[in-house]
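Asker: Next come a sequence and a model predicted from it.
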Amino acid sequence: MIREGLKLASIAVIAVLGLAIGTGGQVGTDASKSSEGDSSASSPARSVVYFPKEEVDANFQHHKGMDETLYAPDYGEHNYSVKTSRREKPLAAELHMTYTDVLYVVKGSATLITGGKLVDDITPATYPNGKPFSKDEKWGRSISGGESRHLSAGDVVIIPNGVPHWFSQIDSSFWFFNVKVR
């Protein structure tokens, strides 16, 4: 069951990444060879990024440390990162002014609240590593108002930048890919 979910999640992430890096939907092919014989359509070759199942599973388990990031290219050239996020309990509500979150649920279920207003600003001054916290992000204890959705494996949610969101209830170990697009 989990293996099937991860396989579907991998397909969804590859599709989203293909769109994010502008391969014109030609996921799995070399974008620089997309127009056979048409030199006016050539583009620099891009490297394919591959993560074997074992590495993805380990990242969901946070064996790399506390960071959920599976892949984060240089934001100067690329405009996305991929996270393997896991929740065991509700955390802070969030509001990103720069990033759109594309979520693909792999395992478990949870209640997601979107919209409304953040309650009690608890935005930290710094990240745990001491780096200044992003001015484009706010955290709150919860959300007042908004729309509630129950999510489970296979669901996809796109949360545009500027929309508060919060997992208000985690029913069981909840795993999801989060592609953050700038």
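Answerer: Looks like it arrived, so ask away.

Asker: use CA for all of it now, contacts and neighbours both
Answerer: Fine.

Asker: can you give me the strands for the protein?
Answerer: 69-71, 80-87, 93-96, 100-107, 109-114, 117-121, 137-144, 147-152, 156-159, 165-170, 174-181 (DSSP state E).

Asker: Which one of those lies nearest to F60?
Answerer: Distance to F60, taken as Cα to Cα, is lowest for strand 80-87 among those, at 5.2 Å.

Asker: Just the C-alpha atoms of that closest one, please, in CSV.
Answerer: Extracted in CSV, the C-alpha atoms of strand 80-87 (Å, rounded to 0.1, in the frame of the first residue of the first chain):
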residue,chain,number,x,y,z
TYR,A,80,11.1,25.3,-6.6
SER,A,81,12.1,22.9,-3.8
VAL,A,82,10.8,19.5,-3.0
LYS,A,83,10.1,18.5,0.6
THR,A,84,9.1,15.1,2.1
SER,A,85,6.9,16.4,4.9
ARG,A,86,5.6,14.3,7.8
ARG,A,87,3.2,15.4,10.6
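
Asker: Which residues does that strand contact?
Answerer: 20, 56, 59-61, 68-73, 170, 173-182 (Cα atoms under 8 Å, 6 or more residues apart in numbering).

Asker: Could you identify the buried members of those residues?
Answerer: Among these, the ones that count as buried by 16 or more other Cα atoms under 10 Å are 20, 56, 59-61, 68-70, 170, 174-181.

Asker: contact partners of stretch 152-162?
Answerer: 5, 8-9, 95-110, 114, 165.

Asker: Show me the shaky parts of this structure.
Answerer: Where the chain drops to pLDDT under 70, the residues are 1-48, 62-67, 72-78.
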